[in-house]
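Peer 1: Provided below are the primary sequence and the corresponding predicted coordinates.
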Amino acid sequence: MLDRYSVLDGRIAHSDAGSIPVDIYVMPDGDERAFLTDVRGIDPHTLASSIDPDETPRIEFEDDYTAIILKYPKNYSADDNFLFLVKSMGIFLFADRVVLVIDEELPQLFTGRFATKVYTKQDVLLRVLTQTIRHFESHLRVINMCSNDIETHLNESYNNSNLLDMFTLKKSLVYYVNALSGNRRVFERIQVGQTKFQFTEENLELFEDLQIENRQFLDQAQVYSQILSGLVDARSSIINNNLNVLMKNMNAIVIAVAIPTFFTGVFGMSEFTEFLSGPNHKYWYLSFSLFFILMTGLALFVFWLIKKFEKH
């Protein structure tokens, strides 16, 4: 699907009447791919890399265009179950236009103040980079909120689903760290080859700010990942420790019950029954009640003895 934008009166407008066309291809079909490769001259492999989520961010300088493969966060929904993924986008800078290739719609790409004060294709590139970085920022905030919420639930109950959610968030942060690291290398390549992009002083100042923000969000993602790893390890250790304590208590109960069971089996024989209940079983209710009390007391004494040895 093709969305046509253009630079019109200092803004990026949803129109093709502006001075610099901005063509956004959302998951291009066969005909659109053929047009991009045959007419625009985009390399088929580079075009395929634009919508490949496993592709490495990079820059390629060609005769007719400059290709930038960049990572951006996938739009999150409740069906993702705390799994935040990243995707790739392709930015192709031609002499007279800018072409973007993505595999999902980004309605917030050219909205608000990000679409203003745009006059050149360099401004369009910087707006796309800015929106991509801010997208990571908003998702990192959501990840932090989800992590705090899951931690609260874990403090209340040690449910396996909560631990699995924490593992999923940890996996998501690994994706984000790799994506931000790849984008950082792209920014470094742009800075080295800034003369090829023909940046103005104002463009360079904004680009340096974007580099700083990208590094900050990379550091933030790494800190969140380390904190989440520590929480996962700590919760796993606590659950294992609680399980060990439970097993010890169960073993103590089994041992405490086993000893009275032995005496119950022995004194349950007919000879001992006759001895306890007297002639003609005259006092059976007293003897058996007394025997039950003694066996219960013995079980409690054995259990207390086992717990006392455990403390030492």
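Peer 2: Received the coordinates, thanks.

Peer 1: what about the closest residue to E62 other than its chain neighbours, neighbour count?
Peer 2: Leaving aside its sequence neighbours, E62 sits nearest to D43 (CB to CB, 6 or more residues apart in numbering; 7.3 Å). C-betas here are computed from N, CA, C, even on glycine. Burial measure for D43: 14 neighbouring residues, criterion other CB atoms under 10 Å.

Peer 1: per-residue confidence at D43?
Peer 2: You'll see D43 listed with a pLDDT of 91.

Peer 1: burial of Q222, as a residue count?
Peer 2: Neighbour tally, Q222, other CB under 10 Å: 15.

Peer 1: Kindly report the same for A67.
Peer 2: Residues near A67, counting by other CB under 10 Å: 21.

Peer 1: same question, Q131
Peer 2: There are 18 residues near Q131, going by other CB under 10 Å.

Peer 1: R127 and T195, how far apart?
Peer 2: Note on R127: its distance to T195, by CB to CB, to the nearest Å, is 21 Å.

Peer 1: residues touching the closest residue to L180 other than its chain neighbours, list them.
Peer 2: The shortest distance from L180 to any non-neighbouring residue, by CB to CB, 6+ apart, is to L218 (4.1 Å). L218 sits next to V177, L180, S181, R184 when contact means CB atoms under 8 Å, 6 or more residues apart in numbering.

Peer 1: Can you list the buried residues in stretch 79-93?
Peer 2: F82, F84, V86, K87, S88, M89, G90, I91, F92, L93 (16 or more other CB atoms under 10 Å).

Peer 1: all strands of the chain, in order?
Peer 2: 2-8, 11-13, 20-26, 58-61, 66-73, 86-93, 98-102 (DSSP state E).

Peer 1: mean pLDDT for the ones you listed: which is lowest?
Peer 2: The weakest mean pLDDT among the strands of the chain belongs to strand 11-13, with a mean of 81.

Peer 1: Give the other helices and strands that it contacts.
Peer 2: strand 2-8 (3 or more CB pairs under 8 Å, 6 or more residues apart in numbering; DSSP states H and E).

Peer 1: What lies in contact with the strand it packs on?
Peer 2: 12-26, 28, 32, 110, 118-120, 123-124.

Peer 1: list the contacts for the residue nearest to Y175 when sequence neighbours are not counted?
Peer 2: Counting by CB to CB, 6+ apart, the nearest residue to Y175 once its immediate chain neighbours are dropped is V86, at 5.1 Å. By CB under 8 Å, 6+ apart, V86 lies in contact with P53, K71, Y72, P73, K74, Y175, Y176, N178, A179.

Peer 1: Is V86 bridged to anything, and to what?
Peer 2: P73 (DSSP bridges).

Peer 1: do the same with the one 5 residues further on
Peer 2: The bridge-partner assignment for I91, based on DSSP bridges, gives I68, L100.

Peer 1: Domains in the protein, by residue range?
Peer 2: The record's domain parsing of the chain by automatic domain parsing lists 2-240, 248-311.

Peer 1: Now tell me which of those the model trusts least on average.
Peer 2: Among the domains of the chain, domain 248-311 carries the lowest mean pLDDT (a mean of 65).

Peer 1: could I get the strands of the chain as a markdown table with distance to A252?
Peer 2: Formatted as a markdown table, the strands of the chain follow (distance: least, CB to CB, whole Å):
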| stretch | distance to A252 |
| --- | --- |
| strand 2-8 | 70 |
| strand 11-13 | 72 |
| strand 20-26 | 65 |
| strand 58-61 | 63 |
| strand 66-73 | 52 |
| strand 86-93 | 51 |
| strand 98-102 | 62 |
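
Peer 1: before we move on, back to that, now the contacts of strand 2-8: which count as buried?
Peer 2: For the contacts of strand 2-8, buried by 16+ other CB under 10 Å: 12-13, 18, 20-26, 28, 32, 110, 118, 120, 123-124.

Peer 1: By neighbours, which of the contacts of L218 wins?
Peer 2: In terms of neighbours by other CB under 10 Å, these top out with L180 at 24 neighbours.

Peer 1: OK, contacts around that one?
Peer 2: K71, F136, N214, F217, L218, A221.

Peer 1: Quick check: phi and psi on H14?
Peer 2: Reported as degrees, to the nearest 10, the phi and psi values for H14 are phi -80, psi 70.

Peer 1: Grab the nearest non-local neighbour of it.
Peer 2: Y5 (5.8 Å).

Peer 1: So what's the residue count around that neighbour?
Peer 2: Residues near Y5, counting by other CB under 10 Å: 23.

Peer 1: Please apply the same query to the one 5 residues further on.
Peer 2: Taking other CB under 10 Å as the neighbour definition, G10 ends up with a count of 13.

Peer 1: My read is that it contacts V124, right?
Peer 2: No - look at G10 against V124 with CB atoms under 8 Å: they stay out of range, at 12.0 Å.

Peer 1: Mutual contacts of those two, please.
Peer 2: V118.

Peer 1: about what we covered before: pipe the buried residues of stretch 79-93 into a markdown table and attach distance to I253 per row.
Peer 2: Listed next are these as a markdown table, based on distance: CB to CB, whole Å:
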| residue | distance to I253 |
| --- | --- |
| F82 | 39 |
| F84 | 46 |
| V86 | 51 |
| K87 | 55 |
| S88 | 58 |
| M89 | 61 |
| G90 | 65 |
| I91 | 67 |
| F92 | 71 |
| L93 | 74 |
